[in-house]
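Asker: how would this look folded up:
(2 chains)
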Amino acid sequence: DAKTTQPNSMESNEEEPVHLPCNHSTISGTDYIHWYRQLPSQGPEYVIHGLTSNVNNRMASLAIAEDRKSSTLILHRATLRDAAVYYCIPAPGANSKLTFGKGITLSVRP
Amino acid sequence: DGGITQSPKYLFRKEGQNVTLSCEQNLNHDAMYWYRQDPGQGLRLIYYSQIVNDFQKGDIAEGYSVSREKKESFPLTVTSAQKNPTAFYLCASTFLGNSPLHFGNGTRLTVT
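Answerer: Numbers count the residues shown, from 1 in each chain, chains lettered A, B, ... in the order given. Alright, predicted model coming up:
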């Protein structure tokens, strides 16, 4: 199974951009990269996913390195509601065994 | 509204008792998953199922059992053999192929 490495925590100021990194050097060629976030005492929610190209949606942008060994989740303007734990996971195309790491705890300062 | 429902939200049991956590989805998803989360930790995979009447062990299956008799339902039984059952349990589902996971809001189990 592909493993991921993320910093334990990051801090940001409100209304500033945030770049959350993830290393997935053992990812296979067909694995998508998914990002989820989890607020306290809730289940994780889907944020974004991609394969090779950069992706944008209303929540965030995902920048994927050309060699696919790393990716960066970009929150363009952090808000206090973005304070959460963010997980990146390689997702096999068959959606079989989906394993989460410890994620990055993002704190947002007012 | 379509979604994934876990019940109950809080569950208390005495040590030595088996307990079953419910997970139901009406999203017509094929695959379902059970994760365990301990304080300050990430999610660890217990069991998953991609099709009715079939399931696979995850990374920490010992002391747990599951069944998948219906597509919509994937109950998890925490048996007395699980040494440290107190935790936050999360159920998730998705379509086969690359689709995002949808999570329930979890069941917090306390065993004393």
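
Asker: Residue A:78 is in contact with residue A:16, correct?
Answerer: Yes: between residue A:16 and residue A:78 there is a contact under CB atoms under 8 Å: 5.9 Å. Heads up, the C-betas are built off the backbone N, CA and C, glycines and all.

Asker: Tell me what the closest residue to chain A within chain B is bridged to.
Answerer: Nearest to chain A in chain B, going by CB to the nearest CB, is residue B:103, at a distance of 3.2 Å. Residue B:103 forms beta bridges with residue B:92, as assigned by DSSP bridges.

Asker: Chain A against chain B: which residues are in contact?
Answerer: When proximity is defined as CB under 8 Å from any CB of the partner chain, chain A approaches chain B at A:32, A:34, A:36, A:41-46, A:49, A:85, A:87, A:91, A:93-103.

Asker: how about the closest residue to residue B:16 other than its chain neighbours, what does it touch?
Answerer: Spatial nearest neighbour of residue B:16, excluding adjacent residues (CB to CB, 6 or more residues apart in numbering or on different chains): residue B:80 at 5.0 Å. Residues near residue B:80 by CB atoms under 8 Å, 6 or more residues apart in numbering or on different chains: B:15-18.

Asker: Would you mind listing what in chain B touches chain A?
Answerer: Residues of chain B lying near chain A (CB under 8 Å from any CB): B:31, B:33, B:35, B:41-45, B:48, B:50, B:56, B:58-59, B:88, B:90, B:92, B:94-106, B:108.

Asker: Now which of the residues you listed would you call buried?
Answerer: B:31, B:33, B:35, B:42-45, B:48, B:50, B:58, B:88, B:90, B:92, B:94, B:98-104, B:106 (16 or more other CB atoms under 10 Å in any protein chain shown).

Asker: before we move on, the earlier item: among the residues of chain A next to chain B, name the ones in strands.
Answerer: The members of these that map onto strands under DSSP state E are A:32, A:34, A:36, A:45-46, A:49, A:85, A:87, A:91.

Asker: still on that earlier bit, ok, of the residues of chain A next to chain B, which come out buried?
Answerer: So, by 16+ other CB under 10 Å, the buried ones in the residues of chain A next to chain B are A:32, A:34, A:36, A:43-44, A:46, A:49, A:85, A:87, A:91, A:95, A:97-101, A:103.

Asker: For residue A:10, give the beta-bridge partners.
Answerer: As for beta bridges, residue A:10 partners with residue A:106 under DSSP bridges.

Asker: correct me, but it touches residue A:103?
Answerer: No: applying CB under 8 Å as the test, residue A:10 and residue A:103 come out as separate, 10.8 Å apart.

Asker: give me every residue that touches the residue nearest the centre of chain B.
Answerer: Most central in chain B under CA atoms, centre = their mean is residue B:34, positioned 3.2 Å from the mean C-alpha point. Going by CB under 8 Å, 6+ apart, residue B:34 touches B:23, B:45-48, B:58, B:64, B:66, B:74, B:76, B:89-92.

Asker: Let me see the confidence value for it.
Answerer: At residue B:34, the model reports a pLDDT of 97.
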